[in-house]
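Visitor: All I have is the shape, not the residue letters:
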């Protein structure tokens, strides 16, 4: 992601975006306007046993990361119920993003099979149906990159078929997830999640390169990281096999 481009001066003229996607005119997305950053941070739950200690450090790192780049005021939503998440995403689906270059969404919580995410009330919402679909259905986000970064487990290796038809164009998306489908994500109760903090650091260190190059670097960090006891983070014998995942439909360099 050429996030350094977000710090450059805005162009004087906006380009209107219609319902249908526009032909690719250059090899790089226009990042001359502010990024819009949406955050769903779930670390305190109705059932205290589900509380995610250490996650506040991830939230702190996100705020510090965004200070380096030109963004609108962060849209932070902490410890929302499923109904509140759905209400917020309804607002996002109707919001006018013509003055923004891109949309960046961070989600941190517990996760389960089929990319469902736990809300404060213990109810699960769907990442694809309740988040991505609401973003891609917004016409003012057509032809603009939409980055999703998820820190959450992804179930127990059981995939459930999604029978809900997609009603919107799914181009210009890139998704980074803290673990591969069916795997768990690890979080330190004091320092926070290794994935989220490594992602933010690598994105900043490589901000002049395409963000698609981040995933191999992330997985190298997983395999090379040492634990406090001297063991390696990637340890099959002890059940530590976290590897991040990436899915993209970007048509240009971001």
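Guide: Noted; the coordinates are in hand. What you are looking at is a predicted structure, and each value in this text was computed from that prediction instead of being measured. Numbers count the residues shown, from 1 in each chain.

Visitor: where does the most centrally placed residue in the chain land on pLDDT?
Guide: Closest to where the C-alpha atoms of the chain average out (Cα atoms, centre = their mean) is residue 149, at 1.7 Å. Predicted confidence (pLDDT) for residue 149: 95.

Visitor: Return the distance of it relative to residue 76.
Guide: 14 Å (Cβ to Cβ, to the nearest Å). All C-beta spots, glycine's among them, are computed from the backbone N, C-alpha and C.

Visitor: One more: residue 43?
Guide: Residue 43 sits 12 Å away from residue 76 when distances are taken as Cβ to Cβ.

Visitor: With residue 85 instead?
Guide: 13 Å.

Visitor: More neighbours: which of these two?
Guide: Ranked by neighbour count (other Cβ atoms under 10 Å), residue 85 and residue 76 place residue 85 first, with 23 against 14.

Visitor: Can you tell me the element the more buried one falls in?
Guide: In the assignment (DSSP states H and E), residue 85 maps to helix 82-94.

Visitor: what does that helix contact?
Guide: With contacts defined as Cβ atoms under 8 Å, 6 or more residues apart in numbering, helix 82-94 is touched by 38, 40, 77, 80, 119-121, 123-125, 130-131, 134-135, 137-138.

Visitor: Find the pair from these with maximum spatial separation.
Guide: Spanning the widest gap among those are 121 and 138, at 26.2 Å by Cβ to Cβ.

Visitor: Which one's more surrounded, these two?
Guide: Neighbours per residue (other Cβ under 10 Å) separate residue 121 from residue 138, with residue 138 holding more: 19 against 15.

Visitor: ok, now how distant is the closest residue to that one other than its chain neighbours from residue 203?
Guide: Closest residue to residue 138 apart from its sequence neighbours, by Cβ to Cβ, 6 or more residues apart in numbering: residue 93 at 5.2 Å. Noted for residue 93: a distance of 26 Å to residue 203, by Cβ to Cβ.

Visitor: one step back: what do residue 43 and residue 76 both touch?
Guide: Here residue 43 and residue 76 share the contacting residues residue 59, scored by Cβ under 8 Å, 6+ apart.

Visitor: Name the spans of the stretch 151-254 of the chain whose pLDDT lies under the cut-off.
Guide: Filtered on pLDDT under 70, the stretch 151-254 of the chain yields the residue ranges 154-167, 179-191, 225-245.

Visitor: how does it look with 80?
Guide: By pLDDT under 80, the weakly predicted segments of the stretch 151-254 of the chain are 153-169, 179-192, 221-246.

Visitor: for it, what spans make up the strands?
Guide: Using DSSP state E, counting those that start in this stretch, the strands of the stretch 151-254 of the chain run over 173-177, 187-188, 192-193, 245-248.

Visitor: hey, which of those is tucked in deepest?
Guide: Mean neighbour counts were compared across the strands of the stretch 151-254 of the chain using mean count of other Cβ atoms under 10 Å; the top stretch is strand 192-193, at a mean of 23.

Visitor: so how far is that one off the chain centroid?
Guide: 15 Å (Cα atoms, centre = their mean, to the nearest Å).

Visitor: helices or strands up against that strand?
Guide: Packing partners of strand 192-193 (3 or more Cβ pairs under 8 Å, 6 or more residues apart in numbering; DSSP states H and E): helix 55-67.

Visitor: In terms of packing, which of residue 93 and residue 203 has more residues around it?
Guide: residue 203 (22 against 16).
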